[in-house]
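> fold the following, please.
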Amino acid sequence: MKKVYLLVSGLLLTVGAANAQVTTASSKAELRTAPSENERRFNAVGADREADAVIWENGFEDAGEWTAEGPSGDYLVSGWSIGASTTGWYFGEDDDMGTSGNFARFVNGDPTGGGDDPIENGPFTLTYNMSIDLSGVPAPHVEFEQYGARFITLQGVEVSTDGGTTWVLAGDNNDIDPLTAGGGAIYAQPETRRFNLTTSIADDPSDVMIRLMWDGAMNGADMNYIEYGWFVDNIRIVEGHSFDAEIQTGYFRANVGGSATYGLDYYQIPVAQAANLNYEFSGELINQGGSALTGLHLQAVVERDGGTVFTGTSDNVTVAPGATDSLSTTASFNPMDEGVYSVVWSFEGDDEDTYTENDELMDQFEVNDANLFARHNGVATGSISNVTSNTGAPLLIGNIMDIFADGTEIGAVDITITDAETNEDQLIFAQINVLNADGSAFEYYDQTGDHTITADEVGGTIRLLFEDPVVLDEGQTMLIMAGHYGGSDEVEFSYAQAVDDFTVYGYTSGATDPFRLLEPNAIMVTAVTQSFVGIEDEVANNFAIGQNMPNPFNNTSVINYELNEAANVSVEIVDVTGKLVKSINQGTQAAGAYTLNLDANDFAEGVYYYTFVVGAEKVTKSMVITK
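Here you go, the predicted structure:
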């Protein structure tokens, strides 16, 4: 099995995109021979061209046409090279990338210890030695085939219009999830990438240089420069289309301007919540063509059971070449009936869009009678076990959600975990906090009891019950979270599709204020909007023990328990090492309900386990002390 590196940080800041200049000094090594000055211009501009006509192309057959640069003494080990087979620690030495002949190859050492260490410096570049005249070419695009995978690194294509003094990033792979233990995948063998050069070469399209660039300084110490391998072939510049509206995102959003500025998207919606949902549809586009798009508007079409149930359009706008815009439909939609709703977003204008590969986006949501209420789309794309600053400590992580019906009862939370073997025997729980009346803070509402993950539950969805349902009304906002207690093997909570910044919250150990994730994915937690009163999560034959509330706590906490018959009761509290910290002997107690009060001043900060011994039976649960 190939090793995949685990990404533990939940807070990642990406490298800036357009207009990022590279000025780092580096050693230089030519792959073959450098051209003379009179060979430095490539002019392939003809009079009769159509959209997608190839202006310039290169298949890396002549390595002397390219120059590698970077802080390496051996480009076969760390850096760019050209050859007919893959190279490096991950992909090996005898694979191809799905094309024929030579291709460009980037690797950076061997992070597994089986060879030279990665070079923690950069960037590494591979530059075409001649400039290209793109004068008069409308909306030129660079295209290439690629294979490989990326870690937390920058794989991009850059252009220069001043002889290589400054370089502008024209496009990169940052829209592709990195390959980590939590998600991501190897690229298709091969896949095609396409980026618009119009803005990047605006200063002087007659003198364009192009290069491939890799840089690792994106995440943090000891992680920056790890890479699996990146392979590129058949790079070319093609003429763009006059009219090309590329749709980039499509949203269905409820409660726009409420708890989240742009609203929130819900993929599972109970019938009772749907009546007041008022979905608004929006989309973002970029004009990838050479001409202005006039009379442009967004169209959203919703279908259920094969028939159209809603069509919405936005106002008309004009979008200049290279510009972006975001549009919303003027009407909203309430999905009143149970079923699966499919949504298609597209942009239409006065002129026909002749490049149709990027015209539509599709998605779907479901109104259900199973009382499932969720922001995630049900498709796991990765996982989160903690954030870097909190490694090994307890974590709560989840999504904010709005309530659309009075008297909503949430009796349980479904939590999806990965298939990691280390999840077995770990403790998890669910917690709901509610935004206070003035919207200034989330306040604790309730928490389920602890649950020990069994072997059968690994890789699945686990339902955790509240002792009494959480009851909320229309207009309230909740933070629904999954929690674990840390340790060397932290539970891996699954996440799904990407969502807006600041809509995924969490708490680190000891924190009273939540953190908010940048570039987050929806955590796979689902509210179950029905009561489960009468169903005990952990009941022994003769007694029932509740979870201490609140938990975590830094002042006092209460454990409620109930005896079905008279019994001798004692409680032992141990720390994570098993050391006995406190012993409580309640003596013989008659049948009935009781309360045990705990004072945080009796404990140091950390995770503890309390065991109730009632007669010959035992039940153990955990608690967290914060200071």
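> can you give me the strands for the stretch 301-450 of the chain?
Remark: strands of the stretch 301-450 of the chain, listed N- to C-terminal, are 307-313, 317-319, 324-328, 339-348, 360-368, 372-373, 382-384, 395-402, 408-416, 427-435, 442-447; assignment by DSSP state E, counting those that start in this stretch.
> buried residues, the fifth one. List them.
Buried positions in strand 360-368, judged by neighbour count with 16 or more other Cβ atoms under 10 Å: 361, 363, 365-368. Glycine gets a C-beta too; all of them are placed from N, C-alpha and C.
> the strands of the stretch 301-450 of the chain: lowest mean pLDDT?
Per-segment confidence across those bottoms out at strand 382-384, which has a mean of 90 in mean pLDDT.
> show me what that one is packed up against.
strand 493-498 (3 or more Cβ pairs under 8 Å, 6 or more residues apart in numbering; DSSP states H and E).
> just the residues contacting the strand it packs on, thanks.
Outside of strand 493-498, the residues within contact range by Cβ atoms under 8 Å, 6 or more residues apart in numbering are 182, 376-385, 397, 415-418, 482, 484, 519-525.
> filter those residues to the buried ones?
Of those, these count as buried by 16+ other Cβ under 10 Å: 182, 376-378, 380-385, 397, 415-418, 482, 484, 520-525.
> so where's the stretch 151-300 of the chain uncertain?
Within the stretch 151-300 of the chain, the segments meeting pLDDT under 70 span 181-182, 217-224.
> low pLDDT regions in the stretch 1-150 of the chain?
When residues are selected by pLDDT under 70, those of the stretch 1-150 of the chain lie in 1-49.
> again, only this time at 80
For the stretch 1-150 of the chain, the stretches with pLDDT under 80 are 1-50.
> returning to what we had before: can you say which of the strands of the stretch 301-450 of the chain is packed in most?
Of the strands of the stretch 301-450 of the chain, the one with the most neighbours on average (mean count of other Cβ atoms under 10 Å) is strand 395-402, at a mean of 25.
> tell me the angle that one makes with strand 408-416.
Note on geometry: by axes from the mean of the first three to the mean of the last three Cα atoms, to 10 degrees, strand 395-402 and strand 408-416 are set 140 degrees apart in direction.
> centroid residue for the chain?
The structure's the chain has its C-alpha centroid closest to residue 521; by Cα atoms, centre = their mean the separation is 3.8 Å.
> how far off centre is stretch 374-392?
8 Å (Cα atoms, centre = their mean, to the nearest Å).
> quick one on the thing from earlier: list the beta-bridge partners for the closest residue in space to the residue nearest to the centre of the chain that isn't next to it in sequence.
In space, not counting the residues next to it along the chain, residue 521 is nearest to residue 495; the distance is 3.9 Å by Cβ to Cβ, 6 or more residues apart in numbering. With DSSP bridges applied, residue 495 shows beta-bridge pairing to residue 382, residue 523.
> now tabulate the buried residues of strand 360-368 in TSV and tack on distance to residue 612.
Supplementary listing: the buried residues of strand 360-368 in TSV, determined by distance: Cβ to Cβ, whole Å:
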residue	distance to residue 612
361	54
363	48
365	44
366	42
367	43
368	38
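> farthest-separated two in those?
Put simply, by Cβ to Cβ the two of these set farthest apart are 361 and 368, 23.3 Å from each other.
> tell me the buried residues in stretch 564-573?
Counting neighbours by 16+ other Cβ under 10 Å, the buried set in stretch 564-573 is 567, 569, 571-573.
> with stretch 604-615 instead?
Neighbour counts using 16+ other Cβ under 10 Å place 606-610, 612-615 of stretch 604-615 among the buried residues.
> what about the helices in the protein?
Per DSSP state H, the chain has helices spanning 271-274. These are given in chain order.
> and the contacts of stretch 562-571?
So stretch 562-571 is contacted by 541-544, 561, 582-594, 596, 610-615 (Cβ under 8 Å, 6+ apart).
> give me the buried entries from those residues.
By neighbour count, with 16+ other Cβ under 10 Å, the contacts of stretch 562-571 hold 542-544, 561, 586, 596, 610, 612-615 as buried.
> let me know the closest of these to residue 162.
The nearest one, if we look at the buried ones among the contacts of stretch 562-571 relative to residue 162 and count by Cβ to Cβ, is residue 610, at 69.1 Å.
> the closest one bridge partners, please.
The residues paired with residue 610 through beta bridges, assigned by DSSP bridges, are residue 573, residue 621.
> use 38 as the first number from now on
Okay, using 38 as the starting number, the last item reads as residue 647.
> lowest pLDDT pick from the buried residues of stretch 641-652?
For those, the weakest pLDDT value sits at residue 644, with 78.
> all strands for the stretch 188-337 of the chain, in order.
With DSSP E, counting those that start in this stretch as the criterion, the stretch 188-337 of the chain has strands spanning 191-197, 205-209, 228-233, 246-252, 266-275, 282-290, 305-307, 317-324, 330-341.
> right, so of those, which gets closest to residue 92?
Of the strands of the stretch 188-337 of the chain, the one closest to residue 92 (Cβ to Cβ) turns out to be strand 266-275, at 4.6 Å.
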